[in-house]
Structures are given as structure tokens and as C-alpha cells.
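Peer 1: Requesting a structural model of the entry that follows:
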Amino acid sequence: MTALNTLKRFAMPWLAAVAFSFSGAALAAGDHDHHHKHAEERIFEGVSVQLWSVKDDVSDDVKGTLKQLADWGFDGVELAGNLGEFGDDAQAFKAYLDSLGLEVSGAHVGFDQLTDEKFDATVQFYKTLGVNWLIVPADGRAWNDDGIEDIVADLNAMAERLAPHGMQIGYHNHQDEFNTYKDSTYWEYMADNTADNVIMQLDISWAYFAGMDPAKLIRQYESRVRTAHIKAQVTHYKDAMPAIEKANPEGWGEKMGLVFAELNKVTAADNGVTSIVGQDLVDWSAVIEAFKDTSKSTWLVVEQEVYPEGMTPMEAVKASKDGLMDVL
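Peer 2: Residues are numbered from 1 along each chain as shown. Have a look, this model is predicted:
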């Protein structure tokens with residue numbers, strides 16, 4: 001076993017025991033609702049990695065890439081459509097993951113893959129992979145006054161349709177979901193108006209970038225944030241926006257391209273921060289403590305979208321995992 005033993009196999013029993021002892025002490029003090037409500041439950045499902053972070057490696061050598069990720073102590077992977085040489089052979093891909101001891105923590109799947117024509121095939125494909133959570137990676141309606149009600153309705157309908165299959169729909173945020181809507185934000189409106197079995201995958205980095213307090217969101221929506229993207233953040237929306245607005249982007253895609261240009265510029269500068277978890281601006285200790293105070297176990301999904309100069313995507317992913325493990 002490596003020094004970076006997985007949370008599920010090694011850290012979980014320890015964390016659960018700590019949670020249980022805290023829970024008992026709190027109960028004796030008449031305050032059992034605040035401290036570690038897990039009792040004997042796992043606090044975290046494990047640490048996985050969003051394979052989009054290393055998409056070129058997956059395309060070039062999916063077996064070697066997955067073997068290396070497993071050797072580094074990842075518990076699982078989150079899918080983004082690309083299975084490399086396995087292509088559409090879900091059964092073979094699942095068998096290889098099983099041989100490495102890797103689970104699939106979820107999959108990013110757009111509504112375009114869940115149309116009436118594609119629904120059965122999509123569900124069967126991900127069932128074969130053992131995937132329970134299908135997470136919409138982005139949808140422009142989610143930060144639009146004219147679209148928010150439609151996506152809320154679609155998430156609720158899909159939650160109902162997937163339930164007989166033992167699967168759940170989810171939604172993954174970027175920064176614009178935290179734009180003001182009514183008396184809160186689009187993201188909070190989605191969470192407040194979708195069914196309890198709709199998963200809100202909180203991307204910690206984008207929430208922080210948007211000016212939100214990720215730890216507060218985790219506590220406020222503890223039963224809904226069952227999976228979270230763990231990704232470094234090196235700047236704030238308010239600081240990046242002047243240059244972006246000056247460029248006058250046309251559409252969300254072009255805007256995001258400019259956002260990533262700003263993130264790359266900041267992480268390349270000699271300013272004391274970089275796009276590696278633990279070397280950035282996010283208070284990861286506060287985030288992890290918030291998760292430990294919630295009643296549901298969570299998948300922590302390491303994601304890398306900005307890579308420090310001189311580091312390959314795989315090296316960056318490992319460094320961010322190491323940074324996360326230091327906090328855990």
C-alpha cells in the first residue's frame with residue numbers, strides 16, 4: 001500500500017470513529033445536532049478524479065492512466081464521456097476498473113443524452129458501469145431568467161424518470177449560477193425548487209470564484225451536496241471581470257475562454273498562489289470541516305482545469321490530491 005492510502009479503505013473507519021465519539025459527547029451535552037451527525041456512517045464516500053482533467057492521457061492510454069491513478073490512491077473516477085480505447089464497451093471498462101479497485105463516483109451527462117430517443121440506451125450504458133449519479137455538467141438555462149423554471153422542471157422530471165432505475169440526476173455549477181436571482185441566486189433557487197433526490201454537485205472553486213462561501217453552502221444544503229468538485233482557485237470573479245468585459249465576449253463559451261485565460265495568467269505569475277489544491281485561495285480546512293458537520297457522506301472529486309507551468313495534467317492532478325489529503 002502507498003502512503004496515500006484511500007479514504008474509503010483506511011481513513012473512513014478512523015473518521016467514522018471520531019464522528020461517533022464526537023456525536024456521543026455532544027449528545028451528553030444536549031447538542032447532538034451540531035457535531036458530526038454521522039455516528040457510524042462514513043463522512044466521505046472517497047476521493048475520485050474527474051477524468052476530463054486528464055482527457056488526453058485517457059485518449060492516449062486509458063489503461064495506463066487509470067492504473068497510475070489507482071496507484072496514487074484514488075478511490076474512483078468521475079466520467080466525462082471519454083472511455084479511451086474502451087469506446088462504447090461499458091462492460092470491459094467496468095471490468096478493468098474493478099481490477100484496479102476503482103469505482104465510478106458519477107458521470108457528467110447532458111440532457112441531450114437523456115432525450116426520449118436516447119434515454120434507454122444511456123441508462124443501460126451507465127447501469128453497466130455501476131453509475132448511480134448522472135450529473136448535468138452545465139446548462140445555460142440555469143443562469144437565465146427565461147430558462148431557470150424550465151431546467152428546474154426538467155431536473156424534477158428526470159429525477160422521477162430515473163428513480164425506478166436506482167439512479168439520480170444532478171447538476172454541476174460554474175460561476176454564473178451564483179448570479180443574483182430574486183432574493184438569492186440561481187443555484188439556490190434550483191436547490192430550493194428541485195426534489196430532494198436531485199443532487200447539487202457543488203464545484204467549490206467556481207462557487208468561491210463567484211464570491212460565495214462554499215462552507216456555508218455545504219451546511220445549508222447538506223443533504224443535496226453529495227458530490228463536490230475539489231479544484232484550486234487563484235482569483236475572484238470581480239478581479240477577473242474587468243479584462244473580460246473589456247474584451248466584450250459573445251456568448252458563454254467565449255466568456256469562459258477569457259475566464260480561463262485569466263486563471264492561467266494568475267497561476268503562472270509569481271504571486272504566492274497556484275492552481276494546486278492547498279496552494280490557492282480557498283480555505284480548504286473550512287470546506288472539509290463543513291462536510292464533516294453534515295449528515296450525508298460525500299464524494300470528493302479532484303478536478304484540474306488549469307495546470308501550473310512545467311506540470312503535466314497527471315502531475316497536477318496528483319499534486320492537488322496530495323494537497324487535499326494534507327487537509328483531510
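Peer 1: Which stretches in the stretch 1-150 of the chain count as helices?
Peer 2: Along the stretch 1-150 of the chain, counting by DSSP state H, counting those that start in this stretch, helices occupy 12-28, 55-71, 90-100, 119-128, 148-162.
Peer 1: Comparing those helices, which yields the minimum mean pLDDT?
Peer 2: Within these, confidence is poorest for helix 12-28, with a mean of 35 (mean pLDDT).
Peer 1: Could I get the full set of strands for the stretch 101-250 of the chain?
Peer 2: With strands called from DSSP state E, counting those that start in this stretch, the stretch 101-250 of the chain shows them at 103-108, 133-136, 168-172, 180-181, 184-185, 199-203, 227-230.
Peer 1: domain parsing for the chain?
Peer 2: 1-42, 47-327 (automatic domain parsing).
Peer 1: what's the span of the longest one from first residue to last?
Peer 2: With C-alpha to C-alpha, to the nearest Å applied, domain 47-327 spans 13 Å between its terminal residues.
Peer 1: Nearest to Gly278, out of the strands of the stretch 101-250 of the chain?
Peer 2: strand 227-230 (10.2 Å; C-beta to C-beta). Heads up, the C-betas are built off the backbone N, CA and C, glycines and all.
Peer 1: so where's the protein shaky on pLDDT?
Peer 2: The chain contains residues with pLDDT under 70 at 1-42.
Peer 1: Spatially central residue for it, please.
Peer 2: His229 (2.6 Å; C-alpha atoms, centre = their mean).
Peer 1: ok, now how distant is Ser320 from Asn193?
Peer 2: Applying C-beta to C-beta, to the nearest Å, the value for Ser320 to Asn193 is 33 Å.
Peer 1: quick one, which of these two is more surrounded?
Peer 2: Between Ser320 and Asn193, counted using other C-beta atoms under 10 Å, Ser320 has the larger neighbour count: 24 against 14.
Peer 1: Backbone torsions only: list them for the more buried one.
Peer 2: phi -70, psi -40 (degrees, to the nearest 10).
Peer 1: quick one: it and Ile276 touch, right?
Peer 2: Yes: in terms of C-beta atoms under 8 Å, Ser320 counts as a neighbour of Ile276; the distance is 5.3 Å.
Peer 1: Residues that sit against both of those two, list them.
Peer 2: Residues touching both Ser320 and Ile276 (C-beta atoms under 8 Å, 6 or more residues apart in numbering): Ala232.
Peer 1: Buried deepest among the domains of the chain, which one?
Peer 2: Neighbour counts (mean count of other C-beta atoms under 10 Å) averaged over each of the domains of the chain peak at domain 47-327, with a mean of 18.
Peer 1: would JSON lines of the strands of the stretch 101-250 of the chain with distance to Gly76 be doable?
Peer 2: Formatted as JSON lines, these follow (distance: least, C-beta to C-beta, whole Å):
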{"stretch": "strand 103-108", "distance to Gly76": "4"}
{"stretch": "strand 133-136", "distance to Gly76": "11"}
{"stretch": "strand 168-172", "distance to Gly76": "15"}
{"stretch": "strand 180-181", "distance to Gly76": "33"}
{"stretch": "strand 184-185", "distance to Gly76": "30"}
{"stretch": "strand 199-203", "distance to Gly76": "14"}
{"stretch": "strand 227-230", "distance to Gly76": "11"}
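Peer 1: among the ones you listed, which is nearest Leu217?
Peer 2: Across those (criterion: C-beta to C-beta), the nearest stretch is strand 199-203, sitting at 6.2 Å.
Peer 1: Let me know the angle separating the closest one from strand 168-172.
Peer 2: 30 degrees (axes from the mean of the first three to the mean of the last three C-alpha atoms, to 10 degrees).
Peer 1: What strands line up against strand 199-203, and which way round?
Peer 2: strand 168-172 (parallel), strand 227-230 (parallel) (DSSP bridges).
Peer 1: And those: which comes nearest Val47?
Peer 2: strand 227-230 (7.9 Å).
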